[in-house]
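A.B. asks: When you get a sec, could you give me coordinates for this:
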Amino acid sequence: MIDMPNPLFNALVGGRMSGNGPLNMLQQFQKFKQDMQGKNPKEEVSRLLQSGKINQQQLNQIQQMARQLQGILK
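C.D. replies: Numbers count the residues shown, from 1 in each chain. A predicted model of the protein is given here:
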């Protein structure tokens, strides 16, 4: 797997959460949310795909995980 600069992606896909577990993930999500402020998520995903920073398989994986999280959080 390509090493992603996004710590939230790494925590979800790579299982590399360190430190305080859920608290660390929450902090990473807050940083991710702040970094994405004012950006179009679909454009960002397209940019990552086109740049080769993620591939379609990785995108499919994270989309599946996001759907699972939605079910848990409802």
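
A.B. asks: Work out for me the element the nearest residue to Gln56 once chain neighbours are set aside sits within.
C.D. replies: Leaving aside its chain neighbours, Gln56 sits nearest to Leu49 (7.1 Å; criterion: C-beta to C-beta, 6 or more residues apart in numbering). Every residue, glycine included, has its C-beta placed from N, CA and C. Per DSSP states H and E: Leu49 is located in helix 41-51.

A.B. asks: now for that helix, which elements pack on it?
C.D. replies: helix 56-73 (3 or more C-beta pairs under 8 Å, 6 or more residues apart in numbering; DSSP states H and E).

A.B. asks: let's see 6 Å
C.D. replies: Packing partners of helix 41-51 (3 or more C-beta pairs under 6 Å, 6 or more residues apart in numbering; DSSP states H and E): none among the helices and strands.

A.B. asks: quick one: it to helix 56-73, angle?
C.D. replies: With axes from the mean of the first three to the mean of the last three C-alpha atoms, to 10 degrees defining the directions, helix 41-51 sits at 150 degrees from helix 56-73.

A.B. asks: picking that back up, what's the burial count for the residue nearest to Gln56?
C.D. replies: Leu49 has 14 neighbouring residues, counting by other C-beta atoms under 10 Å.

A.B. asks: Then Ser51?
C.D. replies: Look at Ser51: counted by other C-beta under 10 Å, it has 8 neighbours.
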